[in-house]
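Novice: heads up, no residue letters with this:
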């Protein structure tokens, strides 16, 4: 992989990179199409990263289908699919991790305290291996983009981070590899995430800008749906992720909800 990237760079070719954990869906394909637009060479990685999963999470059960992924990559103009083995990335002697001080301590990081260290570490490794000029990430994982941008700034990676819009199913459900876990009944309950975000924007359009009132309204909507358990609902600054009391300027509303046993996330930029 490094030799290929070195060759592209010697030829003055730009490299666009889309890191994934596989089981590709239309959300991933939108990132791939974006990468195809901006880079001369397009690289996609497929690696289910074990160090971002805590004990008891779904690492072993995470959906995988490499053959299908490779075919979708071919059809969408990917030049290289990088599929490292676990032992290639994490030897027995491995002992270095990337830890950010503040950003991981909010939103998803509260209930998943090791998650963003695992994400930042593997992304840093992938950046050093693939050597891209551009890297494309989906805004559904909003906190992840903020963390990666901070890491890129702090560690002086010469890489531009591109954020791509969340891709949704026709009914509004944000596309996720974990949606495969949902039964038809649970999928119907899962729609409450997006509906609560839409309702929040409607409240703000009606000049209700108190964050607590907006969050309480979302809480009622979500808990009224069957088999839902709220991890968090937050309204915060889009850059620092610090909670805001009023939506008197653009703010991020983010939430994580267990629907059955499946943990789903979604977010929206609220505009007063």
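Specialist: Yep, that arrived. Note that the structure is a prediction, hence the values are computed from the model and not measured.
Novice: helix or strand for residue 265, which one?
Specialist: strand 262-270 (DSSP states H and E).
Novice: quick one: the helices in the protein?
Specialist: Here the chain has its helices, by DSSP state H, at 2-10, 26-38, 66-75, 86-89, 108-111, 115-130, 142-154, 184-190, 192-205, 211-223.
Novice: how about a markdown table for these, with mean neighbour count and mean pLDDT added?
Specialist: Every C-beta, even on glycine, is put in place using the N, C-alpha and C of the backbone. Below are the helices of the chain laid out as a markdown table (neighbours: other C-beta atoms under 10 Å; pLDDT from 0 to 100):
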| stretch | mean neighbour count | mean pLDDT |
| --- | --- | --- |
| helix 2-10 | 13 | 98 |
| helix 26-38 | 19 | 98 |
| helix 66-75 | 14 | 98 |
| helix 86-89 | 12 | 95 |
| helix 108-111 | 17 | 98 |
| helix 115-130 | 21 | 98 |
| helix 142-154 | 20 | 98 |
| helix 184-190 | 17 | 97 |
| helix 192-205 | 19 | 98 |
| helix 211-223 | 16 | 98 |
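Novice: quick one, phi psi at the residue nearest to residue 171 when sequence neighbours are not counted?
Specialist: Counting by C-beta to C-beta, 6 or more residues apart in numbering, residue 171 lies nearest to residue 191, which is 5.9 Å off, once chain neighbours are set aside. Dihedral pair for residue 191: phi -60, psi -20, per degrees, to the nearest 10.
Novice: residue 191: neighbouring residues, count only.
Specialist: By other C-beta atoms under 10 Å, 15 other residues sit near residue 191.
Novice: just the local confidence number for it, please.
Specialist: Residue 191 is assigned a pLDDT of 98 by the prediction.
Novice: and what of residue 112?
Specialist: Model confidence at residue 112, given as pLDDT, is 97.
Novice: where's it relative to residue 153, distance?
Specialist: 23 Å (C-beta to C-beta, to the nearest Å).
Novice: what's the answer for residue 245, then?
Specialist: The value you get for residue 245 to residue 153, if C-beta to C-beta is used, is 28 Å.
Novice: this completes my enquiry, with thanks.
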